[in-house]
Structures are given as C-alpha cells and as structure tokens.
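K.L.:
pasting the sequence and the predicted model now:
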Amino acid sequence: MKKLTCLGLSIVMALSLLTACGGGETSTAGSETGSTTTSTSQSAGNTGATQEITGTVNTDGSTSMADVMAVLKETFKEVQPGVNVNYTGSGSGSGITNVLNGSVDIGLSSRALKAEEEEQGAVAHIVALDGVAVVVNPENTVADLTVEQIAKIFSGEITNWSEVGGADAEIAVFGRESGSGTRGAFEEIVGVEDACVYTNEYSSTGDMVGAVAGNPNAIGYASLSAVDESVIAVKVNGVTPSEATVKDGTYEIQRPFVMVTKEGTELSEAAQAFLDYATSAEVAEYIAAAGAVSPQA
C-alpha cells in the first residue's frame, strides 16, 4: 500500500491549512487526562472566527492504526496548533480497557466492539475502513485463496502448500497476539475464532510483516495499509485487496478502524475537537493517503 512520503505529507499539511476543524462547538469540561483553554481568532482562508484550543489528547490502542493516526495528528496540528495529540500503540484490547478505566481520552480499536465492551460503556466512532490482507512471502507461487482455504490453513486442517496449488512445503502459520484487533477481526470474519493453530504469534503489525517476509513458507495477516513490497497480499475469492475493493465491499476480509470513548464521560474540549475532526468528511483524503478508506468518502 502507499506510504506517506515527505512530499505527500507536505501536500496533505498544506491542504489542511485551508480547512477548519469539523468539531464546531464542543464541551468546555476538562477530562481526567488533559486540560483545555480556548481563545478566538481568524483562521487562514476563513472569514469566520475560529476557536483556538490548547490542551493534550491522550490516545492508546491499535498498532494497525499507526499510519492513520500519524496523518490525523499532523493535519489536525495545522487546524489546532495548540493541541498536542499523543498516540501509544499497545493493541486494541488495551486501548479499550484504558479508555474505560479513564487513563486515556480516546481508545483505538482495529475491530468492532464486543457486546461486553459496549455493556461497560464503550462507544465506537468509525474513522476508517481497512482490509485485512492475507500475506505470503514473495517466493510463494500461491496467488489466490478462498475464504474456506484460508480458514483451513489457519485452523491446521491444511498444512502443506501443495494442497492449495503451491510447492510441497509445510505451511508456517503466523498470527498476532491475543488481544490484537487485527487478530480478532481476521478470526471472526474468516470463522476461525479460538480455532487457529499458530506456528508463531507477534505483538505488532510490523513484526508480523517482517516475519512473513523472512520465511518463504509463511502465511500471515496484516492491515492492508501495512503491506509493502516485502510481502505479497493474495487475492481472496478472486478479489485483490485494495482501497477500492474495501470501499465497494467486494473484498471480504475487512474491518473498521474505531475511536472509542466511554458513555457518560465528557471529553475535554481538545479531545472532542480531535474526535470531531477525525470523523469528519474533510479528512477523507488524508485517510486515503494513509492507506485506508474513509467511510465519509
């Protein structure tokens, strides 16, 4: 997938100077993790008054959302230079737990919320859609798998590449660690929850991609935005994973990128402004630049 180059990011930042934060009026109450002050001034290219905010927004969760968070942080900084957005990639489960216990303003999840999380007060705000790519080593000749074949490979029913048209070699099945949003989404969509037989498990998207790139017989899964030239994303049921096929729904293995808040907990003005910005139509092109698909596009 495409990555942000210095030139690309410069263009994105320049474009963002012409936009105002999508979070018009927000709460003036402070959050447990940050404080906010405001003032009013004229924004560049805007004849109306823009509320300038200062404060800190603490976010934590999905490592798969790193590229999306990077572009949102950079472009939001141009809209609200007085707000500092912190991002920690500790995994989706951790991010949801931390927003529920009040240690961060916004949690980040690369899967839909579970019923028990919603019962505890977790509220989902979809920022983007992302394909979960099934990746193999570039030396692998297998280019297309059905969802059924993928399920059988990850559950241990298919153990040799020759069974799906590849070389006579034992399949090394790589997965993410328990609690990973990518793992949760992949296993649920493919229908192999709690049934996968992994050769190795990894704590981050980058480690997963690197492991597959280093093993000719490996298979794994990763956020579509994290796929680079070191691995190959196979077709699924004949459909190539891409931004277009995720958006039109023809690529089956996809999931939401979610910002999570806690019901009944009022965000600081800075945190509310960032959430409003991240879920607005004006960020669609920035989400695309990060390799994901905006639901507003």
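P.N.:
Yep, it's here.
K.L.:
domain ranges for this protein?
P.N.:
Following automatic domain parsing, the chain resolves into domains at 6-128+263-289, 131-254.
K.L.:
which of those domains comes out lowest on mean pLDDT?
P.N.:
Least confidently modelled of the domains of the chain is domain 6-128+263-289, at a mean of 80 by mean pLDDT.
K.L.:
which residues of the stretch 51-200 of the chain fall in helices?
P.N.:
Counting by DSSP state H, counting those that start in this stretch, the stretch 51-200 of the chain has helices at residues 66-79, 92-100, 115-119, 147-154, 181-190.
K.L.:
thinking again about what came up before, make CSV out of the domains of the chain and add mean neighbour count and distance to Q296.
P.N.:
No exception for glycine: its C-beta is placed from N, CA and C like everyone else's. Output for the domains of the chain, formatted as CSV (neighbours: other C-beta atoms under 10 Å; distance: least, C-beta to C-beta, whole Å):
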stretch, mean neighbour count, distance to Q296
domain 6-128+263-289, 19, 4
domain 131-254, 19, 11
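K.L.:
format those as JSON lines; extra columns: distance to P295.
P.N.:
Shown next, in JSON lines, are these (distance: least, C-beta to C-beta, whole Å):
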{"stretch": "domain 6-128+263-289", "distance to P295": "6"}
{"stretch": "domain 131-254", "distance to P295": "9"}
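K.L.:
that older thread, any chance of the helices of the stretch 51-200 of the chain in JSON lines, with distance to V85 too?
P.N.:
Below are the helices of the stretch 51-200 of the chain laid out as JSON lines (distance: least, C-beta to C-beta, whole Å):
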{"stretch": "helix 66-79", "distance to V85": "5"}
{"stretch": "helix 92-100", "distance to V85": "14"}
{"stretch": "helix 115-119", "distance to V85": "23"}
{"stretch": "helix 147-154", "distance to V85": "35"}
{"stretch": "helix 181-190", "distance to V85": "20"}
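K.L.:
closest to I53 out of those?
P.N.:
helix 66-79 (9.6 Å; C-beta to C-beta).
K.L.:
looking at the helices of the stretch 51-200 of the chain, which is nearest to E266?
P.N.:
helix 92-100 (13.3 Å).
K.L.:
other residues contacting that closest one?
P.N.:
When contacts are defined by C-beta atoms under 8 Å, 6 or more residues apart in numbering, helix 92-100 is touched by residues 59-62, 90, 104-111, 113, 117, 120-122, 179-182, 184, 260-262.
K.L.:
and the gap between the residue found closest to T250 once you drop the neighbours it is linked to in the chain and E252?
P.N.:
Nearest residue to T250 in three dimensions, chain neighbours excluded: V239, at 5.1 Å (C-beta to C-beta, 6 or more residues apart in numbering). Using C-beta to C-beta, to the nearest Å, we find V239 at a distance of 7 Å from E252.
K.L.:
cool, G210 as well?
P.N.:
From G210 to E252 the distance is 26 Å (C-beta to C-beta).
K.L.:
and L267, by the same measure?
P.N.:
35 Å.
K.L.:
ditto for E118
P.N.:
For E118 relative to E252 (C-beta to C-beta), the value is 24 Å.
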